[in-house]
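[1] here is a sequence with its predicted model. Questions after.
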Amino acid sequence: MATEQQSEHVLPEKYTEGLLDENGNTMSKSEFKRRQKAAEKAKEMAEKAAKKAAEAAVKPPSKKAALLDDSTEELDPNLYFENRVKAIVAKKEKGVNPYPHKFHVSTTLPEYIRQYANLEAGRQLGDVTVSVAGRIFSKRASGAKLLFYDLRADGCKLQIMADARVSELDENGFLLLHNEVRRGDIVGIVGHPGKSQKGELSIFPVKFTVLAPCLHMPPSLHFGLKDQETRYRQRYLDLIVNNNVRSIFQTRSHIIQFVRRFLDERGFLEVETPMMNMIPGGAAARPFVTYHNDLDMQLYMRVAPELFLKQLVVGGLERVYEIGRQFRNEGIDLTHNPEFTTCEFYQAYADYTDLLTLTEQMISQMVLKIKGSYKIRYPADGPDKDPIEIDFTPPWRRISMLSELETCLGEKLPQPLESEECRKKLVELVDKHGVNCPPPQTIARLLDKLVGEFLEEQCVNPTFICDHPQLMSPLAKWHRSYPGLTERFELFINKREVCNAYTELNDPIRQRELFLDQADQKAEVGLPGYSTTNVSCHLTAPAWFIPFVKGSIIST
């Protein structure tokens, strides 16, 4: 299928030595001449077909005129575009508006299908008139007076049976109108519901109106749109051609609606906090920098709403949450995007065990509500590979980070973890197992890389990795039962982190020490640091007393 986005090998006007073909191989002079002749012939045929179609669109049909369908389309996308523009200009010159201001739609396609799906084959409701609208996806002629269209809208398909014998137009007007219609056009239909003799639900139009002509040649449904770059750069084409993409957008909307309803029912208050701030606080991530002209001040796009949400808890809003965008000026891959949506929420007088149970309830119930089962099929390796099964049935597996890592490595880690001896041992283990950990090789980074290699790879079904070392979670509260660890967990699904939560450290004196240490660590790796003034501003609210609180971030 030829589309405007596809690139072809273009021959130069003259042959030169060393000319390469599309595969990078040297092209002979005879091959060049052969291709040149073939290209000229194809261009000539395309121009003839384009001229014929253009003439049919603007001239009144003769007695021998026939209905045109998809088989008469130009093959060259550039000529297709030019001819469509010429046809639109010609209509404007005749005083015809090709873009009507209004068309009344009495029912959507999903409603139409639900209401008339049970009609008998061959039956037509001549006393019922409805109006629908959508995009034309295919056009098939059957003789000189009958056309079949595939109309799509709202993820549904409906057949249009356009018959000159029941149209409000005369035969010449019918031919002229329908010979102008192309795939991709947005049309409005006023007609009668019914089914064809073969039992396919259809609409039999009395009035057929082109509401917005499509100027570009749309991809064919038969071949589809598979080029990944085109799909992502032109999402509208992806949505038009690949019907399953619509379900992804709908599922995402259902997820956000469920999370919001789940938290609202449990007394949480939804809030909105600033997107820009004078300090890049809330997480150890590189921020985007912007500039406020009126204030003559450099500002940072937020990397997390954490600081503001904690201030609200201090102010007495004991259960708060925010669903919003975060911005992190870091790498891009299949699991990381510079801007992404999170749900971050905080609850006073609770700890990480309460949150662990709440998170398990929220996500498992959400999957059951949206998918109808705890078990789903997910194409983890792409749409061309067999999908994997992910089981969200509670309770979920819970593993303690250090003990499970030592089991996987087959040896104990030196204590204390903060020692240089432990760091050297971790470097040795990373090298031994071929785990890539570029500088700086801090203990926290080395542990994180090993956990990613040995623990996260086990987490296809939902799994909580709990009890992180304090050196990996300086702002989480220390574990009440295991020295050196914190009351923190991360949730992994399909080997990817989707949730991070911990009992918040609410000792302002200890928090100041750790916050300054974290600021120094950021400066070591080139992240924006904090002045003493900014740190003091951040810690002013907790000094007024923040209750023991649990916090969670869920990425969507």
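    Cool, got the structure. Residues are numbered from 1 along each chain as shown.
[2] number of nearby residues for the residue nearest to residue 212 when sequence neighbours are not counted?
    In this structure, residue 212 finds its nearest non-sequential neighbour in residue 186, 4.1 Å apart by CB to CB, 6 or more residues apart in numbering. Quick note: C-beta positions are derived from backbone N, CA and C, even for glycine. Number of residues near residue 186 (other CB atoms under 10 Å) recorded here: 18.
[3] again with residue 182
    26.
[4] OK, contacts around it?
    Contacts for residue 182 (CB atoms under 8 Å, 6 or more residues apart in numbering) come out as 73, 84, 136, 139, 213-214.
[5] so where do the helices sit in the stretch 151-300 of the chain?
    171-180, 228-233, 235-241, 243-265 (DSSP state H, counting those that start in this stretch).
[6] most packed of those helices?
    helix 171-180 (a mean of 18; mean count of other CB atoms under 10 Å).
[7] that one packs against which elements?
    For helix 171-180, the elements it packs on are helix 29-58, strand 201-212, judged by 3 or more CB pairs under 8 Å, 6 or more residues apart in numbering; DSSP states H and E.
[8] kindly report which one of those carries the lowest mean pLDDT.
    Of all those, the minimum mean pLDDT falls on helix 29-58 (a mean of 76).
[9] and residue 405, helix, strand or coil?
    Following DSSP: H, G, I helix; E, B strand; the rest coil, residue 405 is assigned to helix.
[10] shaky segments in this protein?
    For the chain, the stretches with pLDDT under 70 are 1-9, 53-65, 282, 515, 518-556.
[11] picking up where we left off before, make a markdown table out of the helices and strands packed on helix 171-180 and add mean neighbour count and distance to residue 441.
    As requested, these are exported to a markdown table (neighbours: other CB atoms under 10 Å; distance: least, CB to CB, whole Å):
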| stretch | mean neighbour count | distance to residue 441 |
| --- | --- | --- |
| helix 29-58 | 14 | 56 |
| strand 201-212 | 19 | 59 |
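[12] looking at the ones you listed, spot the one closest to residue 303.
    Judged by CB to CB, the one of the helices and strands packed on helix 171-180 that comes nearest to residue 303 is strand 201-212, at 41.7 Å.
[13] quick one: strands adjacent to the closest one?
    Applying DSSP bridges to the sheet, strand 201-212 is found paired with strand 156-163 (parallel), strand 186-195 (antiparallel).
[14] next, the angle helix 171-180 makes with that strand.
    Counting by axes from the mean of the first three to the mean of the last three CA atoms, to 10 degrees, strand 201-212 lies at 80 degrees to helix 171-180.
[15] any residues touching strand 201-212, and which ones?
    Here strand 201-212 has contacts from 98-100, 103, 112-113, 116-117, 119, 124, 129-130, 132-133, 151, 158-163, 166-168, 177-178, 180-181, 185-196, using CB under 8 Å, 6+ apart.
[16] again, but for stretch 405-419
    402, 421-422, 425-426, 429, 443, 447, 450-451, 454-455, 469, 471, 484.
[17] buried residues, that stretch. List them.
    In terms of neighbour count (16 or more other CB atoms under 10 Å), stretch 405-419 has its buried residues at 405, 409, 413, 417.
[18] adding distance to residue 376, write those residues out as TSV.
    TSV is the format used below for the buried residues of stretch 405-419 (distance: CB to CB, whole Å):
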residue	distance to residue 376
405	29
409	32
413	36
417	38
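[19] out of these, which are inside strands?
    Secondary structure assignment by DSSP state E places none of the buried residues of stretch 405-419 in strands.
[20] quick check: the two most widely separated of those?
    Greatest spatial distance among the buried residues of stretch 405-419 (CB to CB): 409 and 417, at 14.0 Å.
[21] nearest to residue 493 among the helices and strands packed on helix 171-180 would be which one?
    strand 201-212 (39.7 Å).
[22] contact partners of the strand or helix carrying residue 369?
    Using DSSP states H and E, residue 369 sits in helix 352-371. Defining contact as CB under 8 Å, 6+ apart, one finds that helix 352-371 is touched by 251, 254-255, 258-259, 262, 266, 347, 373-374, 376, 392-396, 398, 462, 464, 466, 487-489, 491, 499, 501-503, 550-552, 554.
[23] would you mind getting the angle between it and helix 243-265?
    Going by the same axes, to 10 degrees, helix 352-371 makes 140 degrees with helix 243-265.
[24] same for whichever helix or strand comes after helix 352-371, what does it pack against?
    The first helix or strand that comes after helix 352-371 along the chain, using DSSP H and E, is strand 375-378. Helices and strands touching strand 375-378, by 3+ CB pairs under 8 Å, 6+ apart, are strand 388-391.
[25] how far is the strand it packs on from where the chain is centred?
    In terms of CA atoms, centre = their mean, to the nearest Å, the centre of strand 388-391 is found 21 Å from the chain centre.
[26] could you do stretch 409-422 as well?
    Taking mean C-alpha positions (CA atoms, centre = their mean), stretch 409-422 and its chain are 42 Å apart.
[27] so what touches stretch 103-115?
    Contacts for stretch 103-115 (CB under 8 Å, 6+ apart): 130-134, 151-158, 188, 193, 201, 203, 209, 211.
[28] mind doing that once more with 7 Å?
    Here stretch 103-115 makes contact (CB atoms under 7 Å, 6 or more residues apart in numbering) with 130-134, 153-154, 156, 158, 188, 201, 209, 211.
[29] with that, I have no additional questions.
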